[in-house]
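Colleague: sequence plus the predicted model coming up.
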Amino acid sequence: MTIEQILEKFPKQELFGLKVKITNSTNKSQIGKSGIIINETKKMLKIRQNDNKEILIEKKSSIFDFCVEKERLSAYLPLAKFDIENNLKKKMHLIIDGKLLVGRSEERIKKKI
């Protein structure tokens, strides 16, 4: 499985518990904020920052850098397991346009991208 295929399939996965950083947003005060996703709604991600402060980030107006551990990525995408085991060290950063994440996770799984 190629990186392009991983990027195509990733938005359909569960985001809860992933490390994330906002790399771009229409709300400039949110750029650079990071933490762990603790909740998700149709339009928003709730992130707990390192200082335990919780913030809400609008999906459609942000670009996200997800830091995905090798083990979790292979669990998400079993077909990628061989490539992941051979080509990655410990983690992978995936830059995803938040517009691809709009919708409830159970709806995104069925959605064609």
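Modeller: Looks like it came in fine.

Colleague: avg pLDDT for stretch 71-85?
Modeller: Stretch 71-85 comes out with an average pLDDT of 57.

Colleague: hmm, Arg104 is touching Lys42, no?
Modeller: Yes: shown here, Arg104 and Lys42 form a contact pair, counting by CB atoms under 8 Å, at 5.3 Å. (Each C-beta comes from the backbone N, C-alpha and C, glycine too.)

Colleague: any idea how far the most centrally placed residue in the chain lies from Ile37?
Modeller: Geometric centre of the chain, nearest residue: Phe66, 4.4 Å, by CA atoms, centre = their mean. Counting by CB to CB, to the nearest Å, the separation of Phe66 from Ile37 is 9 Å.

Colleague: which parts of the protein are strands?
Modeller: Using DSSP state E, the strands of the chain run over residues 19-25, 34-40, 44-48, 54-58, 62-69, 91-97.

Colleague: thinking again about what came up before, just list whatever residues bridge to the residue nearest to the centre of the chain.
Modeller: With DSSP bridges as the criterion, Phe66 is bridged to Val20, Leu94.

Colleague: can you give me the pLDDT of Lys111?
Modeller: Predicted confidence (pLDDT) for Lys111: 62.

Colleague: the nearest residue to Gly103 once chain neighbours are set aside: neighbour count?
Modeller: With CB to CB, 6 or more residues apart in numbering as the criterion, Gly103 has its nearest non-adjacent residue at 5.8 Å, and that residue is Lys42. Lys42 has 12 neighbouring residues, counting by other CB atoms under 10 Å.

Colleague: touching, Lys42 and Leu101? I think so.
Modeller: No: taking contacts as CB under 8 Å, Lys42 lies outside contact range of Leu101: 9.8 Å.

Colleague: what's across from Met44 in the sheet?
Modeller: Residues in beta-bridge contact with Met44 (DSSP bridges): Glu58.

Colleague: can you check the one 10 residues further on too?
Modeller: Each beta-bridge partner of Glu54 is listed here: Arg48, as defined by DSSP bridges.

Colleague: quick check: it vs Lys46, distance?
Modeller: Glu54 sits 6 Å away from Lys46, going by CB to CB.
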